[in-house]
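A.B. asks: pasting the structure only:
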């Protein structure tokens, strides 16, 4: 079995970005600038935004955190976005989700300048993805496409089962993998909570992507020999023996499936690290659009 | 077998729209206004635009044809769209495709005001469809969803095979049918030219939608008893015995599949007539957005 090492691949991508930024700065240009907008103090969000900031700086970006109290009103947050949209020193920004309940997430996403939407969440970028017009791809599916490409996994004409129809992972990936493109041309089935014959579908699949958030949902009896499994699930389960008292596992039973699979991602260290790497890649792309005068 | 009568359903929808428009006019309001933009004199395009105009008028809409010589430049056409975008008496408009080779179709589509894009081709509307934000759905898949709904065909948890990944039929339909919505919640597989095991996939499907443009591609040996077949193909084949010398057939072998199917659309008279009906529905929706002050 070949382990799809997302941790290493993400590090490679960051290295490529860093080299490009170093070169740009050497030429006297400003570095790209990514802003993260965080509302409130949710520990997971704080940790995630912290990683983004740290890795942004590591590749040589300017990185700024705009941190607001969770009492900020929707109007105030919209004003902030307007400021970010106008600020020519900001190439891209992300709004860390979820937002507090009194703020309409959809309204906020619609207010992001699509040219600065490096998370690829704005409907215009989703539509561009659908129409195969250049734009920003959502970072996690983009990361999966990158893993498929770098590991040279054949997808054309393959039967792909994607489990989970979320707008940030399963749904966009189902589109990308069935489009005429590198890492695409697959026959994709998108399964979800209403799917009745998941075991049968899984057994027929050449490639399975799990993105539903259920620990050990995919078991070894559900997959065929030589399957490729990409696990986008990150679930925290109790582990009394460990120091932290919990551990992270995916949606697939790695221990047993890895004995049958041709390729498989681990959790952690598989899809997870790719998300931030692709966010940085999107930011560099946004920067280039500005610098080349294309927007 | 129950025949899915698109001709009758489309007439029902037009009747509903007509009644609404009659009521609006009775209240002293202006009727909705749909503009069709046609470049050149392609006979099929002329016929199609003619039908749109005739049916628009029949439901009480104002209908205008903006007809240009095929020598019109891209810049002139963009200027025309700008005029249409600003014109407050125009609720919606469509650009009849294809456009001459010297005009960049994508550039033209991007220039349509998404609020007037009643064909649902602008990436913002595609993205809204993906994110399930209200917008305009592309007319043909919207028409298929309407047929499914009006014929009360159960889709939740069903295995649906869609053959053909075009941006105007197969692709958006694959999204709509797998979303959490009426006519949705199906387990959808999207097949296309690179799919290798189409017969096996078809035999497992509870519902098959053909949208690839190949006469009699789907044959009776490929489907199971009780299947639902929706045929979005419209192919012109030679028919020396007829007056016109040709006849229209779908992608499915109606004669033989209809003996096994539970529900099936004919061609012509199935999906075809629904497209214009849904275009009119989109135009009425655009009108309501203006009149209610929502845009």
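C.D. replies: It's in. Computed from a predicted model, the values in this text were never measured in an experiment.
A.B. asks: distance-wise, check the closest residue in space to residue A:82 that isn't next to it in sequence relative to residue A:84.
C.D. replies: In this structure, residue A:82 finds its nearest non-sequential neighbour in residue A:111, 7.4 Å apart by Cβ to Cβ, 6 or more residues apart in numbering or on different chains. (Each C-beta comes from the backbone N, C-alpha and C, glycine too.) In this structure, residue A:111 and residue A:84 are 10 Å apart, going by Cβ to Cβ, to the nearest Å.
A.B. asks: list the contacts for the residue nearest to residue A:82?
C.D. replies: Counting by Cβ atoms under 8 Å, 6 or more residues apart in numbering or on different chains, residue A:111 makes contact with A:78, A:81, A:82, A:85.
A.B. asks: how about TSV for these, with secondary structure added?
C.D. replies: What follows is the contacts of residue A:111, written out as TSV (DSSP: H, G, I helix; E, B strand; the rest coil):
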residue	secondary structure
A:78	helix
A:81	helix
A:82	helix
A:85	helix
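A.B. asks: okay, those residues in TSV with pLDDT, neighbour count and distance to residue A:264 next?
C.D. replies: Conversion of those to TSV gives the following (pLDDT from 0 to 100; neighbours: other Cβ atoms under 10 Å in any protein chain shown; distance: Cβ to Cβ, whole Å):
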residue	pLDDT	neighbour count	distance to residue A:264
A:78	98	16	43
A:81	98	19	40
A:82	98	12	45
A:85	98	15	41
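A.B. asks: and the residues you listed as CSV, adding distance to residue B:31?
C.D. replies: Listed next are the contacts of residue A:111 as CSV, based on distance: Cβ to Cβ, whole Å:
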residue, distance to residue B:31
A:78, 36
A:81, 39
A:82, 38
A:85, 38
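A.B. asks: which member of those residues is positioned nearest residue A:101?
C.D. replies: For the contacts of residue A:111, the closest approach to residue A:101 (Cβ to Cβ) belongs to residue A:78, at 16.6 Å.
A.B. asks: contacting residues for that closest one?
C.D. replies: Residues counted as contacts of residue A:78 (Cβ under 8 Å, 6+ apart) are A:107, A:108, A:111.
A.B. asks: so the first one touches residue A:74, yeah?
C.D. replies: Yes: contact status for residue A:107 versus residue A:74: in contact at 6.9 Å, counting by Cβ atoms under 8 Å.
A.B. asks: stretch A:223-232 and chain B in contact?
C.D. replies: No: between stretch A:223-232 and chain B, judged by Cβ under 8 Å from any Cβ of the partner chain, nothing touches; the nearest distance is 13.8 Å.
A.B. asks: show me what contacts the residue nearest to residue A:219 when sequence neighbours are not counted?
C.D. replies: Nearest residue to residue A:219, sequence neighbours excluded (Cβ to Cβ, 6+ apart): residue A:253, at 5.0 Å. By Cβ under 8 Å, 6+ apart, the contact list for residue A:253 reads A:216, A:218, A:219, A:220.
A.B. asks: mind checking which of the residues you listed land in helices?
C.D. replies: Judged by DSSP state H, helices contain none of the contacts of residue A:253.
A.B. asks: now neighbour count too, for those, in TSV please.
C.D. replies: What follows is those, written out as TSV (neighbours: other Cβ atoms under 10 Å in any protein chain shown):
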residue	neighbour count
A:216	17
A:218	28
A:219	13
A:220	16
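A.B. asks: of these, closest to chain B?
C.D. replies: The shortest distance between chain B and any of those, using Cβ to the nearest Cβ, involves residue A:218 and amounts to 15.9 Å.
A.B. asks: for that closest one, give its distance to residue A:212.
C.D. replies: 9 Å.
A.B. asks: between these two, what contacts are shared?
C.D. replies: A:163, A:251.
A.B. asks: enumerate the residues of the stretch 51-200 of chain A near chain B.
C.D. replies: Contact residues, the stretch 51-200 of chain A versus chain B (Cβ under 8 Å from any Cβ): A:106, A:110, A:122-131, A:133, A:135, A:156-157, A:159, A:165, A:167, A:171-172, A:174-175, A:178-179, A:185-192, A:194-197.
A.B. asks: buried ones among the residues you listed?
C.D. replies: A:110, A:122-131, A:135, A:159, A:165, A:171-172, A:174-175, A:178-179, A:185-192, A:194-195 (16 or more other Cβ atoms under 10 Å in any protein chain shown).
A.B. asks: show me those that map onto helices.
C.D. replies: Those of those lying in helices (DSSP H): A:110, A:123-131, A:171-172, A:174-175, A:178.
A.B. asks: check which helix or strand residue A:16 maps to.
C.D. replies: Using DSSP states H and E, residue A:16 sits within helix A:6-26.
A.B. asks: no wait, residue A:289
C.D. replies: In this assignment (DSSP H and E), residue A:289 forms part of helix A:272-291.
A.B. asks: is that helix in proximity to chain B?
C.D. replies: No: in terms of Cβ under 8 Å from any Cβ, no part of helix A:272-291 sits within range of chain B; the closest distance is 15.5 Å.
A.B. asks: and that helix, what other elements does it pack with?
C.D. replies: helix A:6-26, strand A:33-39, helix A:43-58, strand A:92-95, helix A:139-150 (3 or more Cβ pairs under 8 Å, 6 or more residues apart in numbering or on different chains; DSSP states H and E).
A.B. asks: from residue A:24, how far off is residue A:16?
C.D. replies: From residue A:16 to residue A:24 the distance is 13 Å (Cβ to Cβ).
A.B. asks: so for those two, which residue has more residues nearby?
C.D. replies: Set side by side, residue A:16 and residue A:24 show more neighbours around residue A:24, with 18 against 15, by other Cβ atoms under 10 Å in any protein chain shown.
A.B. asks: separation between the residue nearest to that one when sequence neighbours are not counted and chain B?
C.D. replies: Nearest non-adjacent residue to residue A:24, counting by Cβ to Cβ, 6+ apart: residue A:31, 6.8 Å away. Distance of residue A:31 to chain B, given as Cβ to the nearest Cβ, to the nearest Å: 30 Å.
A.B. asks: what is the burial count for residue A:31?
C.D. replies: For residue A:31, the count of nearby residues is 19 (other Cβ under 10 Å).
A.B. asks: one more: residue A:269?
C.D. replies: Neighbours around residue A:269, by other Cβ under 10 Å: 16.
A.B. asks: so it, which of the three states?
C.D. replies: Residue A:269 ends up coil, using three-state DSSP.
A.B. asks: in contact with residue A:52, which residues?
C.D. replies: So residue A:52 contacts A:34, A:36, A:63, A:94, A:276, A:279 (Cβ under 8 Å, 6+ apart).
A.B. asks: show me what the helix or strand where the third one lies is packed against.
C.D. replies: Using DSSP H and E, the secondary-structure element containing residue A:63 is strand A:62-68. Applying 3+ Cβ pairs under 8 Å, 6+ apart, one finds that strand A:62-68 contacts strand A:33-39, helix A:43-58, helix A:74-86.
A.B. asks: so for it, mean pLDDT?
C.D. replies: What strand A:62-68 shows for mean pLDDT is 97.
A.B. asks: can you give the contact residues for that strand?
C.D. replies: Outside strand A:62-68, the residues that touch it by Cβ under 8 Å, 6+ apart are A:30-40, A:49, A:52-53, A:56-57, A:76-77, A:80, A:84, A:89.
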